[in-house]
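> here is the input, now give the coordinates:
(one chain, ligands or ions: 3)
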Amino acid sequence: MSSSLLHSQRQQHPLIGYYLSRKKFSKLRFDQFLLRCKQFHIDTVELTHDYFDRQNIRIPQLIVHKLEDDVSSHLLMEKICLLPKSSTIILDEFNSISRLLNRYEQYSLLNSNKNCYVVPPFIRVTDDDNKLMIEKMLINNQISFPIMCKPIQAHGDKSHDMKIIFDVQHLNDIDKPCVLQQFIDHDGILFKVFAIGQDNYHIVQRNSIRNLNTYSSRETISFHSSEVSSSQADHILLSTDPSIIVTFDHTLINKIVQTVQNLFELNLVGIDIIIDRKTGDYAVIDVNYFPGYEGITDFSTQLFHLCQQLLHIS
Ligand SMILES: Nc1ncnc2c1ncn2[C@@H]1O[C@H](COP(=O)(O)OP(=O)(O)OP(=O)(O)O)[C@@H](O)[C@H]1O
Ligand SMILES: O=P(O)(O)O[C@H]1[C@H](OP(=O)(O)O)[C@@H](OP(=O)(O)O)[C@@H](O)[C@@H](O)[C@@H]1OP(=O)(O)O
Ligand SMILES: [Mg+2]
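Ligands and ions are numbered 1, 2, ... in the order given. The predicted model follows:
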């Protein structure tokens, strides 16, 4: 076969572009996804901030990304936004992702369609709000202590430093801007729902913060989310009672996933759910785009199937 023919055949292969941090690449074992693409004659290319500035490049039919909040990511994002909508599918669309980047907006959107779940009551605190104003907002929104203080920004390095505040006297401990949210006792069990496209999700159970109704100290507790809800978490706040068993209703979770995915229009999404031990309500406490998928052994295969589906190839 002549080299020019080989070249033109190669041009026929679909092309997937990807942009992930080194850490994310290795945690997801993304090399296995790339290998699968190769086996199925799908070309892949790692995107760099200047990829689209180069001559004679191929435009990917699909882009898989988890862009960071840095200059390279921003430059690349600008270029991707200029691509014709009809030529490239973006996994996931920036517009969809932007709906959850601010925790207050994320919770407000969740609140707009909550027929199968609740969102623990929350308020937004800006740099301009003083203690008195915050106290008033808490009362108006029927939020009682303890409360969670979460950075307003939902993703990135500085977004996972949390605090639990136990009384009004400690309201000065909050870091603004933030969201203050009612702490819900949930028997120290968290359900992480990892979706990979529509109608394909996995439920992973993790340890979480124990019930605080009998917690005696009023001192503010600070922690990083990963200390309490990652698979390796081992924090004094975690539930240590192995006799507590929390079961969940599959049908309800199914409904929650569908509702949340439709609201945010995301393929790669993680939804964190706790069950209120007093009311039995299912509370959505966090929505993450392109999460870690830890515990999902064949993530690369499932991502590959999603790409095939989106590209209409099999
Ligand atoms: N309203 C709440 N009531 C009780 N516990 C909560 C509440 N909100 C959060 N938590 C606990 O705090 C942890 C971190 O909260 P959250 O999921 O909002 O943070 P995050 O930084 O967005 O986490 P992730 O790393 O999963 O993105 C949860 O996993 C859960 O254990
Ligand atoms: O790395 P991990 O496995 O902890 O994945 C976490 C992921 O970090 P990564 O994207 O750098 O992997 C986080 O992203 P940023 O908010 O920091 O952007 C966020 O999505 C967490 O919810 C994920 O934890 P999970 O919900 O899956 O437990
Ligand atoms: Mg989160």
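> nearest spatial neighbour of the residue of the stretch 151-300 of the chain found nearest ligand 2, skipping sequence neighbours?
The stretch 151-300 of the chain approaches ligand 2 most closely through Gly292 (2.0 Å), counting by CB to the nearest ligand atom. Yep, even glycine has a C-beta here, placed from its N, CA and C like the rest. In this structure, Gly292 finds its nearest non-sequential neighbour in Lys27, 6.2 Å apart by CB to CB, 6 or more residues apart in numbering.
> and whichever strand or helix holds the one you found, is it in reach of ligand 1?
When elements are assigned from DSSP states H and E, Lys27 belongs to helix 22-28. No - using CB under 6 Å from any ligand atom, helix 22-28 stays clear of ligand 1, with a minimum separation of 13.2 Å.
> which residues does that helix contact?
Contact with helix 22-28 is made by 20, 30-31, 66, 292-294, 299-300, as judged by CB atoms under 8 Å, 6 or more residues apart in numbering.
> give me the subset of these lying in helices.
30-31, 299-300 (DSSP state H).
> those residues also near ligand 1: which ones?
The overlap between the ones in helices among the contacts of helix 22-28 and the neighbours of ligand 1 (CB under 6 Å from any ligand atom) is empty.
> related to what we said a few turns ago, tell me how far the residue nearest to Gly292 lies from Phe290.
11 Å (CB to CB, to the nearest Å).
> neighbour count: the two, which is higher?
More crowded of Lys27 and Phe290, by other CB atoms under 10 Å: Phe290, with 21 against 14.
> identify each buried residue in the helix holding Lys27, please.
Buried residues in helix 22-28, defined by neighbour count with 16 or more other CB atoms under 10 Å: 25, 28.
> that helix - what's its average pLDDT?
On average, the pLDDT along helix 22-28 is 96.
> residues from the stretch 101-250 of the chain in reach of ligand 1?
So the stretch 101-250 of the chain meets ligand 1 at 120, 148, 150, 154, 159-160, 162, 181-184, 186, 190, 208-209, 225, 228-229 (CB under 6 Å from any ligand atom).
> narrow these to just the buried residues.
Buried among these (16+ other CB under 10 Å): 120, 148, 150, 154, 159-160, 162, 181-184, 186, 190, 208-209, 228-229.
> return the subset of those lying in strands.
148, 150, 162, 181-182, 190 (DSSP state E).
> closest to ligand 3 among those residues?
Within these, proximity to ligand 3 (CB to the ion) peaks at Lys150, which comes in at 8.6 Å.
> test my guess that that closest one contacts Gln181.
Yes - at 6.5 Å, Lys150 counts as touching Gln181 under the criterion of CB atoms under 8 Å.
> all helices for the stretch 101-250 of the chain, in order.
Counting by DSSP state H, counting those that start in this stretch, the stretch 101-250 of the chain has helices at residues 103-111, 131-140, 225-229, 250-264.
> contact residues of the stretch 151-300 of the chain facing ligand 3?
With CB under 5 Å from the ion as the criterion, the stretch 151-300 of the chain meets ligand 3 at residues 286, 288.
> so, low pLDDT: which residues of the stretch 151-300 of the chain?
Across the stretch 151-300 of the chain, residues meeting the criterion (pLDDT under 70) sit at 239-240.
> how about the residues of it by ligand 2?
Going by CB under 6 Å from any ligand atom, the residues of the stretch 151-300 of the chain near ligand 2 are 155-156, 159, 192, 226, 230, 270, 288, 291-292, 294.
> now the stretch 1-150 of the chain
By the rule CB under 6 Å from any ligand atom, the part of the stretch 1-150 of the chain lying against ligand 2 is 23-24, 27, 66.
> I'd like those as TSV, with distance to Gln258 appended.
Output for those, formatted as TSV (distance: CB to CB, whole Å):
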residue	distance to Gln258
Lys23	31
Lys24	26
Lys27	27
Lys66	23
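> let me know the closest of these to ligand 3.
For these, the residue nearest ligand 3 by CB to the ion is Lys66; the value is 13.1 Å.
> so which residue of the stretch 1-150 of the chain comes closest to ligand 2?
Of all residues in the stretch 1-150 of the chain, Lys24 sits closest to ligand 2, at 4.9 Å by CB to the nearest ligand atom.
> returning to what we had before: emit the PyMOL select command for whichever of the contacts of helix 22-28 are buried.
In PyMOL, this line selects whichever of those come out buried by 16+ other CB under 10 Å:
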select buried, resi 20+30+66+292+293+294+299+300
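> out of the contacts of helix 22-28, who's nearest ligand 1?
The shortest approach to ligand 1 among those belongs to Gly292, at 8.3 Å (CB to the nearest ligand atom).
> residues in contact with the closest one?
Going by CB under 8 Å, 6+ apart, Gly292 touches 27-28, 270.
> quick check: the gap between it and Phe299.
For Gly292 relative to Phe299 (CB to CB), the value is 9 Å.
> go on, Leu311?
18 Å.
> how about Ser225?
According to CB to CB, Ser225 stands 21 Å off from Phe299.
> swap in Arg218?
Applying CB to CB, the value for Arg218 to Phe299 is 42 Å.
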